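S.K.: return a 3D structure for these sequence lines:
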Amino acid sequence: IEGEEDRLLALHSNLEKHQVDFIQSYWRERQRINAIRFLQQQRIEVAQLYNKRSTAMAKKATLREIVEKDLDLFQSFFPVVLSTPETASLLFSQFGNQEIFDLVLFDEASQLKVEEGIPAFIKGKQKVIAGDEHQMPPSAYFGEKKTHDNKRNTNDLQEAPPSWLDFAMSLPVDHRYLDF
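M.R.: Prediction:
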């Protein structure tokens, strides 16, 4: 039993190194294959697509243009995208209701209005909504409240709109709670 812990730690460390090596080689190969395919189809180098500065010969491509040009290429170089739901909705709008992401995660979901996240939410094969029900709800401070005769009244605060967390809690799906 003595020394067994050290042997297991060494084995774990070695396994971790092999796992990292495998993941890196997987992504390098995926990038290489997609870059070759892209060059054959588009007749331009990946470096030209991802140019960082405009030149007299070519203007700098926007992120949206890069994504539109070849989503597979983009995802092979950027397998993780961190974004606000609004930005993701705009950036990937051309893909409609396609599930182009393996996972969509909404953190701080108690502060996100449902309508702001729908376009990003439907693009995930798996969805995770995380938040604290004791946090403040999405703000409606700058919104307008209409009276019963449809006149604007900007002096009254609107009732807070439902959040993604409220919406998720109302669904018949598995809920998990963190216990500290």
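
S.K.: could you point out the helix or strand that follows the top helix by length along the chain?
M.R.: Criterion DSSP state H: the longest helix present in the chain is helix 4-42. Using DSSP states H and E, the helix or strand that follows helix 4-42 in sequence is helix 46-49.

S.K.: so what does that following helix touch, helix or strand wise?
M.R.: helix 4-42, helix 71-77 (3 or more C-beta pairs under 8 Å, 6 or more residues apart in numbering; DSSP states H and E). C-beta coordinates here come from the backbone N, C-alpha and C atoms, glycine included.

S.K.: for residue 53, find the nearest of those helices.
M.R.: Nearest to residue 53 among the helices and strands packed on helix 46-49 is helix 71-77; the distance by C-beta to C-beta comes to 18.4 Å.

S.K.: show me what that closest one is in contact with.
M.R.: Contacts with helix 71-77, where a contact means C-beta atoms under 8 Å, 6 or more residues apart in numbering, come from 27, 30-31, 33-35, 37-38, 46, 49-50, 66-67, 95, 100.

S.K.: any low-confidence regions in this structure?
M.R.: By pLDDT under 70, the weakly predicted segments of the chain are 1, 52, 54, 139-160, 180.

S.K.: so which bits of the longest helix of the chain are buried?
M.R.: Residues of helix 4-42 classed as buried by neighbour count (16 or more other C-beta atoms under 10 Å): 30, 34-35, 38.
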